[in-house]
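Colleague: sharing a model that was predicted from the sequence below.
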Amino acid sequence: MDMIANFGSKVFDDKVMRQRLPKRVYDSLKHTNREGTPLDPAIAEVVAGSMKDWAVENGATHYTHWFQPMTNITAGKHDSFLTPAGDGSVILEFSGKSLVVGEPDASSFPNGGLRNTFEARGYTAWDPTSPAFIRDHTLYIPTAFCAYTGEALDMKTPLLRSMQALSTEALRVLRLFGNNTSHRVIPTVGAEQEYFLVDRKLYEQRLDLKICGRTLFGAKPPKGQELDDHYCGRIRLRVAEFMETLDQELWSLGVTAKTKHNEAAPAQHELAPVFESANIACDHNHLTMEMMRLTAKKLGLACLLHEKPFAGVNGSGKHNNWSLSTDDGLNLLDPGKTPWENVQFLTFLCAVITAVHDYSDLLRLSATSAGNDRRLGGYEAPPAIISVFLGEQLTHTLTDIACGKHVDVPATVSLQMGVETLPNLKRDDSDRNRTSPFAFTGNKFEFRMVGSSQSIALANVMLNTAVADVLHDYADRLAQSDDFDTELKAIISETVRDHSAVIFNGNNYTAEWVEEAKRRGLPNLANTVDAIEAMIDCKNINLFERTGVFSELECRSRYDIMLENYCKVVCIEASTMLEMAKRQIFPACIKYTGDTAASYNAMTAAGLSAAAVQNYLAELNELLAQIQANIIALEQAYSTAQGITAHKPHAAAMRDHVLPAMDALRTSCDKMETIMGCQYWPMPTYTDLLHRV
């Protein structure tokens, strides 16, 4: 298929709208998209008619309001275009009201007490800034989702609010710099998506993978990622077919999938798109995850998006590359060739540094989950301590300006590779730091902490909101100052003085950094239960209410939802583990031990020396006893935790008692896997899963 012709072929995009909509309607809709102005309700009927005609021409029979409840996946109910006519026939109909509003059941989605079963009404509202598209003969209309009382019940609404707040405050600052041409500032995002692919037949034989998305048991294989031979290596044939098919599907949906390669762990891979507005990037990342799962299943594979599907090798993250762009193409985080002279860049840079320092707990919260707790802190995943990597040159530039020193212009450095036929390469101003959770990478920041299965919406909500709040203060200060340049220098100086504690250019994995971060006063929120508290911190509630991103009620509802989700995830994992241990692993171990004992009896009856077998049997019997004891311990811990009704104590019990009991049971079972006959082990091993595709 022609790649260019295929791109966006299933999207009601700008090109299609320009062709099909009357100029007045097109211009109105374009104005809303470009400048963030309110939608003109009078155009909805015309847009709906054109959208329906286009969708039907392209094979659509149904439409759905596609929304993002607080489940990290998407939802939507599907209605056909068919409408009965009075004479027994049908017509195809799609009204402006059908486009603009839908009414799903709000009490059936996570809502943190905002809705009860007897208060079920909710609304979905058309998001005209994200284009509609066709999938599986259905027209998908991106929408926001709210309760009957107006509170946001989704990921998109707060994201749009945060983008609006950020644009307002960033434009205020730009106007003070003399920019009167830009009309909107847009946070742009490129979300790198990591994932694993395993053989579908093997996946179906693992209850833990099917139910939990990760392996609850599994001994270390003889070969993992020790040789560093998988990263960016040859793409295997089945994986290449998957990647090619996925690219074609995503391109037709307007997703700018750009880069694909093998990641560090066996069976691990990555896809990276081109930058888009944060809202569309979030929609497209959800689409990407859905299409990954669907494409894999069609090709006899299973796509694993869990943050840590396999112990002992790299987990999967979602690197959230974030920047700020104007509607007329200016990247506000591009330092240019002379960053020491680019005061506007330095102002926005200081705003980000200040925001990350003041609200690091919210950034940590945005990337927290039961799955990500197992990933963070090693194997190329950042630790739980939020810090900012700037690189030595940019750090020195800020420090010198703050101290009133002359900034030395760094000399251009060319890489000397020792081969005359190779081209001269200009070395970048700074190295890359793969251990930093929040790293400046030239003209953007890379937030490396987000988990692979998570929506990127919350991370960008937190980042947008915090930066908007800081820019609000900057705009007030600069507008009220008698000397603009002096006030700018004061802002830079205060950033270095008050917020340089968050800047760290070293190795974030070391024990020394943990101690240093503690001395600097940086929080170390090592697990989800601790990190979630940030959602109801008074400082943060005040931030959200000032910026209009969350009300206090919405903050508290999300706090409850996150705690409840954590408890449910650990509950499901513990239940699955007990079922596998009691019904698969323990019986298999008994069978193998019995067969070995029979062999021992046969050998001794034949007069053979069987001391080695006797010792082996003793080891097997001891492990059997350990497994049984650990099963009982997990059952008791689980039962006790489930008897706690309050969310916070329940979550703490899951973290402090159930998870350690699960780890103990896994340790004994994994040890048994390494010593008993492989034909007896009741499920595919790590070697099977990681090296079969």
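Modeller: Thanks, I have it.
Colleague: wait, residue 369 touches residue 528, no?
Modeller: Yes. Between residue 369 and residue 528 there is a contact under CB atoms under 8 Å: 6.1 Å. Where you see a C-beta, it was placed from the backbone N, CA and C, and this is true even at glycine.
Colleague: between the two, which one's more packed in?
Modeller: residue 528 (25 against 21; other CB atoms under 10 Å).
Colleague: show the end-to-end separation of stretch 334-353, please.
Modeller: Stretch 334-353 stretches 15 Å from its first residue to its last (CA to CA, to the nearest Å).
Colleague: in it, what's buried?
Modeller: 334-335, 339-340, 342-353 (16 or more other CB atoms under 10 Å).
Colleague: same check, this time on stretch 68-79
Modeller: Buried residues in stretch 68-79 (16+ other CB under 10 Å): 68, 69, 70, 72, 74, 75, 76.
Colleague: any idea how far the residue lying closest to residue 527 once chain neighbours are set aside is from residue 532?
Modeller: Spatial nearest neighbour of residue 527, chain neighbours left out: residue 373 (5.3 Å); criterion: CB to CB, 6 or more residues apart in numbering. If you measure residue 373 against residue 532 using CB to CB, to the nearest Å, the figure is 11 Å.
Colleague: can you give me the helices in the stretch 551-693 of the chain?
Modeller: Here the stretch 551-693 of the chain has its helices, by DSSP state H, counting those that start in this stretch, at 552-580, 586-605, 611-642, 647-653, 659-675, 686-691.
Colleague: make that the stretch 301-450 of the chain, sorry
Modeller: 343-358, 360-366, 370-373, 392-402.
Colleague: between these, which gets nearest to residue 579?
Modeller: For residue 579, the closest of the helices of the stretch 301-450 of the chain is helix 370-373, at 18.5 Å, according to CB to CB.
Colleague: from the contact counts, what lies against that closest one?
Modeller: helix 528-531, helix 552-580 (3 or more CB pairs under 8 Å, 6 or more residues apart in numbering; DSSP states H and E).
Colleague: comparing the ones you listed, which comes out most buried?
Modeller: Mean neighbour count (mean count of other CB atoms under 10 Å) peaks for helix 528-531 among these, with a mean of 23.
Colleague: pull the distance from it to the chain's centre.
Modeller: The chain centroid and the centroid of helix 528-531 are separated by 17 Å under CA atoms, centre = their mean, to the nearest Å.
Colleague: extract the CA atoms of that helix and return them as CSV.
Modeller: Output of helix 528-531 as CSV, limited to C-alpha atoms (Å, rounded to 0.1, in the frame of the first residue of the first chain):
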residue,chain,number,x,y,z
THR,A,528,2.2,3.9,45.3
VAL,A,529,0.5,4.0,48.7
ASP,A,530,2.9,6.8,49.8
ALA,A,531,2.8,8.7,46.4
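Colleague: I figured residue 356 hits residue 390, correct?
Modeller: No. If you go by CB under 8 Å, residue 356 and residue 390 don't touch, sitting 11.1 Å apart.
Colleague: neighbour count: those two, which is higher?
Modeller: Taking other CB under 10 Å, residue 356 and residue 390 do not tie; residue 356 has more neighbours (26 against 23).
Colleague: now that one: how far from residue 490?
Modeller: Taken as CB to CB, the span from residue 356 to residue 490 is 20 Å.
Colleague: next: residue 553.
Modeller: Taken as CB to CB, the span from residue 553 to residue 490 is 38 Å.
Colleague: got it, and residue 538?
Modeller: Relative to residue 490, and taking CB to CB, residue 538 is found at 28 Å.
Colleague: show me where the stretch 51-200 of the chain has helices.
Modeller: 96-100, 156-176, 200-204.
Colleague: how big is the angle separating the second one from helix 343-358?
Modeller: Orientation check (axes from the mean of the first three to the mean of the last three CA atoms, to 10 degrees): helix 156-176 against helix 343-358 gives 140 degrees.
Colleague: and helix 156-176, what does it pack onto?
Modeller: strand 138-147, strand 185-199, helix 278-298, strand 318-326, helix 343-358, helix 457-480, helix 538-547.
Colleague: reformat these as JSON lines; add distance to residue 380 and mean pLDDT.
Modeller: Formatted as JSON lines, the helices and strands packed on helix 156-176 follow (distance: least, CB to CB, whole Å; pLDDT from 0 to 100):
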{"stretch": "strand 138-147", "distance to residue 380": "33", "mean pLDDT": "95"}
{"stretch": "strand 185-199", "distance to residue 380": "10", "mean pLDDT": "97"}
{"stretch": "helix 278-298", "distance to residue 380": "20", "mean pLDDT": "97"}
{"stretch": "strand 318-326", "distance to residue 380": "10", "mean pLDDT": "96"}
{"stretch": "helix 343-358", "distance to residue 380": "21", "mean pLDDT": "96"}
{"stretch": "helix 457-480", "distance to residue 380": "18", "mean pLDDT": "97"}
{"stretch": "helix 538-547", "distance to residue 380": "29", "mean pLDDT": "98"}
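Colleague: could you dump these to TSV with distance to residue 571?
Modeller: Converted to TSV, these look like this (distance: least, CB to CB, whole Å):
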stretch	distance to residue 571
strand 138-147	26
strand 185-199	24
helix 278-298	23
strand 318-326	25
helix 343-358	34
helix 457-480	23
helix 538-547	28
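Colleague: where does the most centrally placed residue in the chain land in three-state SS?
Modeller: The centroid of the chain falls nearest to residue 454 when counting by CA atoms, centre = their mean (3.7 Å). Here residue 454 takes the coil state, with states given by DSSP: H, G, I helix; E, B strand; the rest coil.
Colleague: contacting residues around it?
Modeller: 72, 318, 367, 369, 372 (CB atoms under 8 Å, 6 or more residues apart in numbering).
Colleague: with residue 665 instead?
Modeller: 577, 581, 627, 630, 631, 633, 634.
Colleague: so how far is residue 576 from it?
Modeller: 12 Å.
Colleague: let me have the helices and strands packed on helix 370-373 in JSON lines, adding distance to residue 133 and mean pLDDT as columns.
Modeller: Output for the helices and strands packed on helix 370-373, formatted as JSON lines (distance: least, CB to CB, whole Å; pLDDT from 0 to 100):
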{"stretch": "helix 528-531", "distance to residue 133": "34", "mean pLDDT": "96"}
{"stretch": "helix 552-580", "distance to residue 133": "28", "mean pLDDT": "97"}
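Colleague: picking up where we left off before, so which of the helices of the stretch 551-693 of the chain gets nearest residue 264?
Modeller: Per CB to CB, nearest to residue 264 of the helices of the stretch 551-693 of the chain: helix 686-691, 12.2 Å.
Colleague: what sits up against that closest one?
Modeller: So helix 686-691 is contacted by 198-199, 202-203, 206, 215, 218-224, 265-267, 310, 312-313 (CB under 8 Å, 6+ apart).
Colleague: now those residues: which count as buried?
Modeller: Applying 16+ other CB under 10 Å to the contacts of helix 686-691 flags 198-199, 202-203, 206, 215, 218-219, 221, 224, 265-267, 310, 313 as buried.
Colleague: and which of these is nearest to residue 472?
Modeller: For the buried ones among the contacts of helix 686-691, the minimum distance to residue 472 (CB to CB) is 42.8 Å, reached by residue 265.
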